[in-house]
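Trainee: Just to be clear, the model below is a prediction. Sequence and coordinates:
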Amino acid sequence: MAVTPRTNTPDRKTTNNEGRAITTVTVKRACNGCGQYLGDATEAEIWRAVDGLPAEDVRTECEHCRPLVELEAAGCRTWQLTPRSYSRVAHEIDQLKPWVFTKGYFQTVEEELQVVGLRIGTGETRVVAYFGDWIIRHPDGGFTVHKAPAIEETTRG
């Protein structure tokens, strides 16, 4: 599915009649799934925000999240694993039939043992999702992980 990329207007720096530096910015739209910037927000998107309406799902415009949308359309269940969603995601997966085992995945971070993700399943079929990753349960009951995108310093403001 080819998607036309959005316009991405750069910030414009000018000097006004009084000699003051003025920076004009264009509001950017971020992906609902991963938060990466996609380009300029449309006028309709701005008005939705002004009217207090939720942002429409634009994950199909995102190179990283488009595969997730396609998997969901094919009948897969997806969860994004974050420190905030950790307990809910683990509980939901633990309730699946046939029974699925989840457990925190720990690593040493800054000389301290910390939970950094979730281990799903046992044995050779076990997968590990780190915070930021998407967990995918396929219709056959198997699990895979869609890794979080690498965040570039220039991507975030």
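Mentor: Thanks, I have it.
Trainee: Helix or strand for residue 48, just tell me which one.
Mentor: Using DSSP states H and E, residue 48 sits within helix 43-50.
Trainee: Skip ahead from that helix and say which helix or strand is next.
Mentor: helix 66-73.
Trainee: So for that next one, what gets flagged as buried?
Mentor: Neighbour-count burial for helix 66-73, counted by 16 or more other C-beta atoms under 10 Å, picks out 66, 68, 69, 71. From N, CA and C alone the C-beta is placed, and that goes for glycine too.
Trainee: so what secondary structure elements neighbour it?
Mentor: Applying 3 or more C-beta pairs under 8 Å, 6 or more residues apart in numbering; DSSP states H and E, we find helix 66-73 packed against strand 77-80, strand 134-137.
Trainee: Please report phi then psi for the residue nearest to the spatial centre of the chain.
Mentor: The chain has residue 34 as the residue nearest its centroid, 2.1 Å off, counting by C-alpha atoms, centre = their mean. Main-chain dihedrals, residue 34, degrees, to the nearest 10: phi -110, psi -10.
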